[in-house]
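Peer 1: Sequence first, then the predicted structure:
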Amino acid sequence: MKISLSQIAGLLFIGMTCIPFFRAQGQQISTFKQIYISTKGSDHNRGTKDSPYATAEAAIRAVEKYKQGKAVANIEIIFTAGTYYLDKPIQVSAALSGTKKQPLRIKAAEGKQVILSGAKLLDLKWEVGDRGIWKAKVPKGTSFQSLYANDTHLVWARYPNYDASILPFQGYAADALGPERVATWKNPTGGIVHALHSGRWGGFHYRITGKDGSSKVTLEGGQQNNRPSKMHETYRFVENIFEELDTAQEWYLDEGTATLYYMPSKGIDPNQLKFVAPQQENLITIAGSANNPVHDVEVSGIRFMHTAPTFMKTAEPLLRSDWTIYRQGAVKVEGAENCILRANDFIELGGNAIFVNNYNRGVKVSGNRIEQIGAGAINFVGDPAAVRSPAFRYEKFVPLDQMDTLKGPKSNNYPMDCEASDNLIHTIGLIEKQVAGVQVSMAESLRILHNTIYNVPRAGINVGDGTWGGHEIAYNDVFNTVLETSDHGAFNSWGRDRFWHPDRGEMNRLTAAHPNLILLDAFKTTKIHDNRFRCDHGWDIDLDDGSSNYEIYNNLCLSGGLKLREGFYRKVYNNVMINNGFHPHVWFQHSHDVFRNNIVMQAHQDIQVKYWGDEVDYNIYARQEDLQKDQAKGIEQHSRVVAMNFVAPALGDFRLKNWKGQDFKNFDMLHFGVTSKRLKSFAANPEIPQLIQSGAKEQDIKWTWKAAQFKSVETLGEQSAAGLPSIAGVLLIQLDEKSTLYKSGLRGGDVILNYQGEKIDKLMDLQQAVKKHVHADQPKIIIFRNQQKQELNLQL
């Protein structure tokens with residue numbers, strides 16, 4: 001075979017392993033090139049496996065040099081095993097783009113653990129001081145907000161002390177800013193105050209700027225929530241205060257004297273530990289533009305760790321949703337097409353894991369493990385300049401005579417046709433509380449599929465606005481949600497779009513006179529189907545203010561039921577709501593909503609509903625009394641009661657056994673969440689609720705809630721033992737002493753008689769009262785103890 005001089009030249013590129021693939025005369029040469037990076041390498045090396053580079057920058061320069069040639073190449077940048085401490089983010093530009101068949105791959109060596117860390121290794125010489133506190137000098141100008149010792153995340157000196165069993169914040173105290181405590185702080189400047197919103201709609205963060213007198217601090221910040229309020233009077237804590245360094249694993253950095261203080265566990269010499277301090281907010285940025293996009297780049301097999309917290313930068317309002325955002329993440333993607341983040345780990349991060357920002361098409365986030373992070377997991381957020389007549393606060397509205405009334409987006413600067421699939425997401429929002437496993441705002445036609453999401457402070461999946469719909473949200477497993485906040489759902493959405501007005505009377509008039517406004521933004525239907533949701537602190541599915549143009553079917557709701565607040569064109573059918581039901585709130589007169597062919601186990605919990613949409617009928621009830629209650633409202637005239645004879649309820653299979661009905665149709669209930677073998681081995685499963693229904697033997701039913709176990713008082717023996725005047729109430733039979741219920745004053749053997757004004761005669765009464773008053777800040781209960789009634793307020 002003859003080889004031309006140009007072909008030979010194509011093989012002589014310095015800096016990479018080069019394997020040629022020759023094609024017929026007249027075609028371009030395709031070569032497979034591997035560029036290696038090692039912690040033991042040098043940027044003066046050739047970039048081969050035997051002579052690797054030390055940095056990604058050197059590898060990228062090699063790719064850029066090669067791309068200047070004419071050959072088409074399949075290029076891989078391979079990190080060999082080790083931890084790479086980045087002093088700046090890796091930048092992937094449009095010039096590095098691959099092709100559909102030959103993407104640029106940035107990957108870990110096969111079977112090796114590769115960590116990209118945003119931290120700096122600290123060279124410390126520790127000296128023991130007073131009270132078990134050690135100290136070490138750091139270089140002048142050093143600053144950081146988080147610290148790790150031998151991969152353990154240490155605690156910034158705080159009050160109250162960290163307790164993993166307490167939510168929110170792993171500890172809170174009403175006196176965190178009390179005058180007596182502030183008086184003990186010599187110089188609290190730089191301290192941080194974290195607090196929930198007064199309505200528990202997310203959180204706020206403030207920096208202490210100084211003291212006003214001896215017992216009061218001055219603050220800046222608090223912009224992290226788009227529904228401003230005072231900070232919550234109880235749910236708050238402070239950190240980065242030297243005087244609060246009083247327990248093992250706490251630390252404090254005095255930037256003025258460049259001194260780091262640390263209290264190790266007893267018997268530990270910190271000189272034997274490796275300390276790293278996160279510095280970088282971002283580790284990889286894939287950045288192009290709509291006119292010159294980065295395309296066909298794949299990042300895989302890498303563990304991203306130790307980015308710096310960004311909570312004080314979360315300030316940009318996302319239209320009229322309750323959110324503000326900071327457009328940053330460990331990996332940020334902007335101006336990209338057909339790029340993939342696959343099979344990576346995002347662990348121990350201070351801010352967001354992944355941010356897909358503005359113009360993006362065909363970006364796929366799949367097979368990733370995301371856990372232990374300070375903010376949100378996966379964010380798809382567009383440009384507000386692409387929104388026609390945007391408004392940016394709940395109470396704001398663009399008047400009709402000033403409104404752009406064209407349908408759809410104004411530009412293409414937003415994510416579209418992107419996907420988040422097969423991701424395992426849990427234990428997020430460790431700092432920020434207005435976050436989600438998957439967050440969507442100003443985007444179109446996204447696919448959110450087969451994700452497992454749990455242990456989150458707010459929603460698992462959140463859609464912040466109607467712009468521009470068309471999403472498919474399916475096969476996800478979302479549970480242990482809204483753990484630290486309130487008035488929300490495992491899935492949550494808002495739709496405060498152009499038609500939406502903060503004055504309900506004005507909105508009624510506006511939508512009646514101009515119905516064409518309703519779907520100007522949510523012009524595509526969003527489908528939510530074949531998911532499993534569980535929220536014990538709100539709703540399983542919560543379509544809040546204005547959410548419009550949804551089709552919701554084949555979902556298994558394990559706890560909180562399904563809520564539709566005012567909105568238009570919602571079609572809800574073939575869903576199963578265990579131990580709960582339907583929650584319609586303040587509907588429009590001509591909403592065109594449909595709720596049919598669903599299984600409900602409670603009467604509808606409607607609030608201020610005068611008009612019942614196009615159809616609320618043909619549903620299946622568990623109890624006759626619930627159906628009769630709803631029929632008295634003029635609805636459900638063709639609905640019926642069916643025995644809840646499920647296939648395997650203890651295993652979560654709530655298909656109706658031997659079902660042959662033509663209205664409701666059974667659907668698969670055993671294949672929610674992640675699908676990849678790797679992630680399934682790590683993923684948890686939701687607690688499957690015990691089925692409570694009419695005719696069940698109450699004495700055989702126990703209910704676990706808040707690390708406590710309850711049952712109905714059913715026997716004369718139980719009545720006698722408790723000293724009750726009658727057989728009624730709910731008996732607390734088991735209680736974890738670390739639980740919030742125990743700390744609220746409940747004790748084993750107590751009998752609950754009343755919950756937030758609701759009489760409690762049996763277990764179902766308590767379950768329903770808890771769900772009905774799920775947003776009560778400190779619900780009041782009446783218990784029977786020592787043969788007398790007592791009142792308690794639960795600190796939930």
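Peer 2: Done, it's in. Residues are numbered from 1 along each chain as shown.

Peer 1: quick one: contacts of the longest helix anywhere in the chain?
Peer 2: Of all segments of type helix in the chain, defined using DSSP state H, the longest is helix 56-67. With C-beta atoms under 8 Å, 6 or more residues apart in numbering as the test, helix 56-67 has contacts from 13, 15-16, 33, 35-37, 43, 47, 53, 73, 75, 77, 79, 84, 86, 90-92, 95-96, 104, 106. Where you see a C-beta, it was placed from the backbone N, CA and C, and this is true even at glycine.

Peer 1: Now which of these would you call buried?
Peer 2: 13, 15-16, 33, 35-37, 47, 53, 73, 75, 77, 79, 84, 86, 90, 92, 96, 104, 106 (16 or more other C-beta atoms under 10 Å).

Peer 1: So which of those residues belong to strands?
Peer 2: Cross-referencing the buried ones among the contacts of helix 56-67 against strands under DSSP state E gives 33, 35-37, 73, 75, 77, 79, 84, 90, 92, 104, 106.

Peer 1: and the nearest residue to Ser143 once chain neighbours are set aside, what is it in contact with?
Peer 2: Closest residue to Ser143 apart from its sequence neighbours, by C-beta to C-beta, 6 or more residues apart in numbering: Glu255 at 5.8 Å. Contacts for Glu255 (C-beta under 8 Å, 6+ apart) come out as Thr142, Ser143, Gly190.

Peer 1: Looks like Val641 contacts Gln628 (just checking).
Peer 2: No: checked against C-beta atoms under 8 Å, the pair Val641 and Gln628 is beyond contact range at 9.4 Å.

Peer 1: Look at Leu627 and give its secondary structure.
Peer 2: helix (DSSP: H, G, I helix; E, B strand; the rest coil).

Peer 1: so it makes contact with Val642?
Peer 2: No: with contact defined as C-beta under 8 Å, Leu627 does not reach Val642; the gap is 10.3 Å.

Peer 1: Determine the residues that are contacts of both of the two.
Peer 2: Common neighbours of Leu627 and Val642 (C-beta under 8 Å, 6+ apart) are Tyr621.

Peer 1: More neighbours: which of the two?
Peer 2: Leu627 (19 against 14; other C-beta atoms under 10 Å).

Peer 1: That one and Val616: what is the separation?
Peer 2: 12 Å (C-beta to C-beta, to the nearest Å).

Peer 1: Locate Gln719 within the secondary structure: which element?
Peer 2: helix 716-722 (DSSP states H and E).

Peer 1: Toward the C-terminus, what is the element adjacent to that helix?
Peer 2: That would be, after helix 716-722 and using DSSP H and E, strand 730-735.

Peer 1: Quick one: mean pLDDT over that following strand.
Peer 2: Averaged across strand 730-735, the pLDDT comes to 92.

Peer 1: Just give the strands next to it in its sheet, each with its orientation.
Peer 2: strand 708-712 (antiparallel), strand 751-755 (antiparallel) (DSSP bridges).

Peer 1: Determine which stretch of these is the most buried.
Peer 2: strand 751-755 (a mean of 22; mean count of other C-beta atoms under 10 Å).

Peer 1: At which residues are the helices of the stretch 151-300 of the chain located?
Peer 2: Taking DSSP state H, counting those that start in this stretch as the test, the helices found in the stretch 151-300 of the chain are 179-182.

Peer 1: Do you have the strands of it handy? List them.
Peer 2: 152-153, 155-156, 158-159, 192-197, 203-211, 217-221, 231-239, 250-254, 259-263, 275-278, 284-287, 294-295, 297-300 (DSSP state E, counting those that start in this stretch).

Peer 1: Quick check: which of these is nearest to Phe380?
Peer 2: strand 284-287 (14.4 Å; C-beta to C-beta).

Peer 1: Quick one: distance of that closest one to the chain centre.
Peer 2: 22 Å (C-alpha atoms, centre = their mean, to the nearest Å).

Peer 1: Report the buried residues of that strand.
Peer 2: Ile284, Thr285, Ile286, Ala287.

Peer 1: Between the residues you listed, which sits nearest Gly470?
Peer 2: Closest to Gly470, out of all of those and judged by C-beta to C-beta, is Ile286, at 23.9 Å.

Peer 1: quick one: contacts for that closest one?
Peer 2: Counted by C-beta under 8 Å, 6+ apart, Ile286 has contacts Val92, Val294, Val297, Val299, Val331, Lys332, Val333, Glu334, Ala336, Cys339.

Peer 1: could I get those as TSV with pLDDT?
Peer 2: As requested, the contacts of Ile286 are arranged in TSV below (pLDDT from 0 to 100):
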residue	pLDDT
Val92	98
Val294	98
Val297	98
Val299	98
Val331	98
Lys332	98
Val333	98
Glu334	98
Ala336	98
Cys339	98
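
Peer 1: Can you pick out the most distant pair from the residues you listed?
Peer 2: Val299 and Glu334 (14.4 Å).

Peer 1: Of those two, give the one with the bigger neighbour count.
Peer 2: Val299 (26 against 21).

Peer 1: That one reaches Ala330, doesn't it?
Peer 2: No: using C-beta under 8 Å, Val299 is not in contact with Ala330; the gap is 11.0 Å.

Peer 1: what residues do the two have in common as contacts?
Peer 2: Going by C-beta under 8 Å, 6+ apart, residues that sit against Val299 and also against Ala330 are Ile284.

Peer 1: rewinding a little: among the contacts of Glu255, which ones are buried?
Peer 2: Buried, going by 16+ other C-beta under 10 Å: Gly190, out of the contacts of Glu255.

Peer 1: if we take the contacts of Glu255, which one ends up nearest to Gly362?
Peer 2: Distances from Gly362 to the contacts of Glu255, taken by C-beta to C-beta, are shortest for Ser143, at 39.2 Å.

Peer 1: is it true that Val774 touches Asp542?
Peer 2: No: with contact defined as C-beta under 8 Å, Val774 does not count as touching Asp542 (11.0 Å).

Peer 1: Can you give the distance from stretch 192-212 to the centre of its chain?
Peer 2: 20 Å.

Peer 1: Pull up the distance across it, start to finish.
Peer 2: Using C-alpha to C-alpha, to the nearest Å, the end-to-end distance of stretch 192-212 comes to 16 Å.

Peer 1: Next: stretch 442-460.
Peer 2: Rule used - C-alpha to C-alpha; the end-to-end distance of stretch 442-460 is 18 Å.

Peer 1: Tell me the pLDDT of Ala277.
Peer 2: On the pLDDT scale, Ala277 gets 98.
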